[in-house]
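Student: fold the following and give me the result.
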Amino acid sequence: MSQSSLKSRRNLALGSGAELFYDEPLEIVRGEGVYLFDKAGKRYIDMYNNVPCVGHANAAVVKAMAGQQATLNIHSRYLHEGVVRFAERLADLQHEDIECVVFSCTGTEANEVALRMARIATGRRGIVCTEAAYHGTSELVSSLNYVGNREPGNGEIRCFPYPDLYRPLMQGITEAELCEASLAQVTRAIDGLNADGHGFAGLIMCSIFANEGLPDIPAGFMSMVTELVHQAGGLVIADEVQAGYARTGRWWGYDETQFKPDIVVTGKPMGNGLPLAATAASRVLVDAFRSRTRYFNTFSSSPLQAAVGMAVLDEIEQGDLRSSVTNVGAHLKKELQTRAERYDCIGDVRGRGLFIAIEMVKDGLSKKPDPDRADTIANRLKDKGILLSTDGKFDNILKIRPPLVFSFENTAEFLTAFDETMEEIGDR
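Tutor: Sure thing, here's the model as predicted:
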């Protein structure tokens with residue numbers, strides 16, 4: 001079947017408008033490690049998908065998945081030691097105040113649990129987020145998404161402009177002044193919720209501001225905003241769906257940006273493709289949530305989730321992937337920063353571990369975002385066998401987020417293709 005015919009069938013079966021990457025979409029049929037293969041057998045280096053964090057078709061994960069499914073898979077209303085062990089292990093990887101886990105299937109569900117948990121604990125409704133965040137797709141959670149670019153659809157939501165050293169709130173201010181200005185914006189959002197009678201329940205943010213474009217932020221901001229939130233009677237929710245599971249070279253993004261959230265949300269990479277997510281918090285917070293909601297999810301807290309989740313953690317630890325992420329990521333970032341010195345259209349290169357942003361601009365002086373150039377580069381790299389995408393508040397950022405097994409050899413192949421692409425389009 002031709003690609004155009006399959007696309008037409010897809011529009012009829014799924015509805016027109018279901019998103020596809022690239023000007024000429026790919027039909028991917030197989031994955032292995034850091035590679036994806038299309039129908040014609042062409043190999044691509046996957047530099048985007050964080051779901052298969054320990055590699056596509058990872059043999060240990062596949063074995064755990066098949067073995068458990070062949071033995072038992074059932075809902076959570078029976079005792080099962082594997083589920084308990086997984087919850088204990090996941091909590092033990094967190095900071096010392098995180099003691100319990102509520103499992104679910106998606107980051108959206110886990111974030112919804114976190115928001116409900118904060119509202120139950122505080123008795124208030126108001127939530128603060130950043131102006132360019134993405135946290136999920138349910139009606140409640142999606143009301144937090146990109147609220148800086150539209151009118152909030154929910155009066156209980158307020159946003160603040162995320163701190164960004166590359167694009168500060170005001171020109172000419174110091175890093176310390178930017179930190180204070182950003183904290184003042186959070187205070188303003190909290191005050192607005194209180195003035196409107198909603199009260200303040202909590203602040204939710206990605207620990208590394210992933211969808212905001214991985215901005216470099218002022219030193220100490222995350223710990224200071226956490227203290228501010230606590231003084232205002234709220235809770236801090238860390239969305240670790242993209243930031244966690246060794247993505248930065250540390251287990252959690254909050255370790256990298258140095259703060260201690262009250263509630264931690266994880267998702268995508270936990271099951272390496274099996275739907276698995278979690279909301280972790282203190283025993284007091286989780287017990288209060290359970291007593292008020294009697295939360296139940298048919299497909300969560302299952303033996304299958306536990307077996308696969310344990311296998312993923314084993315692969316990260318036994319493969320020493322945190323060290324690999326740190327070393328490979330630092331090398332890739334340094335190499336890209338040398339390219340930024342060469343091309344005026346590369347405004348900034350930043351990131352943590354194997355999560356890197358290349359910001360494309362019209363020119364380095366104006367810093368005017370150039371989403372068209374970013375899109376052109378992504379499409380040309382695809383033709384050269386490299387898969388990445390665009391993101392950020394202005395959609396002008398090349399988003400690099402490969403499986404954790406991405407290597408120095410993969411880096412070299414990517415840089416060759418990137419250099420060829422930049423020579424083709426340059427600063428034109």
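Student: return the residues in contact with the closest residue to Glu175 other than its chain neighbours.
Tutor: Excluding its sequence neighbours, the residue lying closest to Glu175 (Cβ to Cβ, 6 or more residues apart in numbering) is Pro218, at 4.8 Å. Where C-beta positions appear, they are placed from N, C-alpha and C, glycine not excepted. Pro218 makes contact with 163, 165, 175-176, 178-179, 182 under the criterion Cβ atoms under 8 Å, 6 or more residues apart in numbering.
Student: what about 6 Å?
Tutor: When contacts are counted by Cβ atoms under 6 Å, 6 or more residues apart in numbering, Pro218 touches 163, 175, 178-179.
Student: quick check: Thr174 vs Glu180, distance?
Tutor: 9 Å (Cβ to Cβ, to the nearest Å).
Student: between those two, which is the more surrounded one?
Tutor: The neighbour comparison of Thr174 against Glu180 (other Cβ atoms under 10 Å) goes to Glu180, with 14 against 10.
Student: thinking again about what came up before, report the two of the contacts of Pro218 separated the most.
Tutor: In terms of Cβ to Cβ, those reach their longest pairwise distance at Pro163 and Glu175, which sit 9.2 Å apart.
Student: look at these two and report which has more neighbours.
Tutor: In this view Pro163 and Glu175 are compared by other Cβ under 10 Å, and Pro163 has more residues nearby, 26 against 15.
Student: now the contacts of Pro218 in TSV, with secondary structure and distance to Gln3?
Tutor: What follows is these, written out as TSV (DSSP: H, G, I helix; E, B strand; the rest coil; distance: Cβ to Cβ, whole Å):
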residue	secondary structure	distance to Gln3
Pro163	coil	43
Glu175	helix	49
Leu178	helix	47
Cys179	helix	49
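Student: would you mind giving the secondary structure of the residue minimising distance to the centre of the chain?
Tutor: Nearest to the mean C-alpha position of the chain, by Cα atoms, centre = their mean, lies Gln242 at 2.1 Å. In terms of secondary structure, Gln242 is coil; the call rests on DSSP: H, G, I helix; E, B strand; the rest coil.
Student: if we can go back for a sec, and the residue nearest to Glu175, backbone torsions?
Tutor: With angles defined as degrees, to the nearest 10, Pro218 shows backbone torsions of phi -60, psi 140.
Student: could you find the closest non-adjacent residue to Asp287?
Tutor: Ranked by Cβ to Cβ, 6+ apart and with sequence neighbours excluded, the top spatial neighbour of Asp287 is Cys100, at 7.5 Å.
Student: from what I see, that neighbour and Ser282 are in contact.
Tutor: No: in this structure, Cys100 is not within contact of Ser282 by Cβ atoms under 6 Å, at 7.1 Å.
Student: can you map out the helices along the stretch 101-250 of the chain?
Tutor: With DSSP state H, counting those that start in this stretch, the ranges of helices along the stretch 101-250 of the chain come out as 107-122, 139-142, 175-195, 221-231.
Student: need the winner for burial among the ones you listed.
Tutor: Counting by mean count of other Cβ atoms under 10 Å, helix 107-122 has the highest mean neighbour count of the helices of the stretch 101-250 of the chain, with a mean of 24.
Student: what packs against that helix?
Tutor: If contacts are counted by 3 or more Cβ pairs under 6 Å, 6 or more residues apart in numbering; DSSP states H and E, helix 107-122 sits against helix 139-142, strand 200-206, strand 263-266, strand 277-281, helix 283-293.
Student: low-confidence bits of the chain, can you list those?
Tutor: 1, 149-153, 427-428 (pLDDT under 70).
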